[in-house]
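Asks: Here is a sequence together with a model predicted from it:
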Amino acid sequence: MSLASVFNIAGTGMSAQTTRLNTVASNIANAETVSSSIDKTYRARHPVFATMFQNAQGGDSGSLFADSDSSGAGVQVSGVVEDQSNLEARYEPSSPAANKDGYVYYPNVNVVEEMADMISASRSFQTNADIMNTAKTMMQKVLTLGQ
């Protein structure tokens, strides 16, 4: 792995954490929305990450499991999935969103978990930014070696 590939790896990490932060923001924004139907109620969303390998990016050819080929080339977002856990039904007959039985459905978003996920994602983003700055400094030092 070259020093230049560190920028690509850290960049994909930053991009993945941006997606994670966006889904957390969407979950928190919709945490208190109500609906009269289970099908129309917002469900928490979570990104799914996968490792990208060198040979998947057009790098060295050969076996995926060979020592020289199996180094990671970054992370990618495979998709965003909806949380299928149960929704919270509350009896609120005075609500304009209540169904015929007087129930409204709240999303399956736990704001405390989302805040912890947000802190984790922002720290991961900052770590990747620090890695890029360190690699940049190292490359600048290499350029001054010949002087």
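Replies: Sure thing, it's come through. Residues are numbered from 1 along each chain as shown.
Asks: Give the other helices and strands that the strand ranked longest in the chain contacts.
Replies: Taking DSSP state E as the criterion, the chain has its longest strand at strand 72-82. In terms of contacts (3 or more Cβ pairs under 8 Å, 6 or more residues apart in numbering; DSSP states H and E), strand 72-82 is packed against helix 5-29, strand 45-53. (Glycine included, C-beta is placed from N, CA and C.)
Asks: From the centroid of this structure, which residue is nearest?
Replies: The chain has Arg20 as the residue nearest its centroid, 2.6 Å off, counting by Cα atoms, centre = their mean.
Asks: Look at it and report its pLDDT.
Replies: The per-residue pLDDT reported for Arg20 equals 96.
Asks: who touches the nearest residue to it once chain neighbours are set aside in this structure?
Replies: Setting aside the residues directly before and after it, Arg20 is nearest to Ala121 in space (Cβ to Cβ, 6 or more residues apart in numbering), at 4.2 Å. By Cβ atoms under 8 Å, 6 or more residues apart in numbering, Ala121 lies in contact with Gln17, Arg20, Leu21, Val24.
Asks: Using a markdown table, lay out those residues together with distance to Asn30.
Replies: Output for those, formatted as a markdown table (distance: Cβ to Cβ, whole Å):
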| residue | distance to Asn30 |
| --- | --- |
| Gln17 | 21 |
| Arg20 | 16 |
| Leu21 | 15 |
| Val24 | 11 |
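Asks: Endpoints of stretch 87-106, how far apart?
Replies: Using Cα to Cα, to the nearest Å, the end-to-end distance of stretch 87-106 comes to 6 Å.
Asks: Going forward, the N-terminal residue is numbered 16.
Replies: Renumbered: residue one is now 16, and that last one reads stretch 102-121.
Asks: mean confidence score for it?
Replies: Mean predicted lDDT for stretch 102-121 stands at 91.
Asks: In space, what's closest to Glu103 - neighbours in sequence excluded?
Replies: Tyr121 (4.3 Å).
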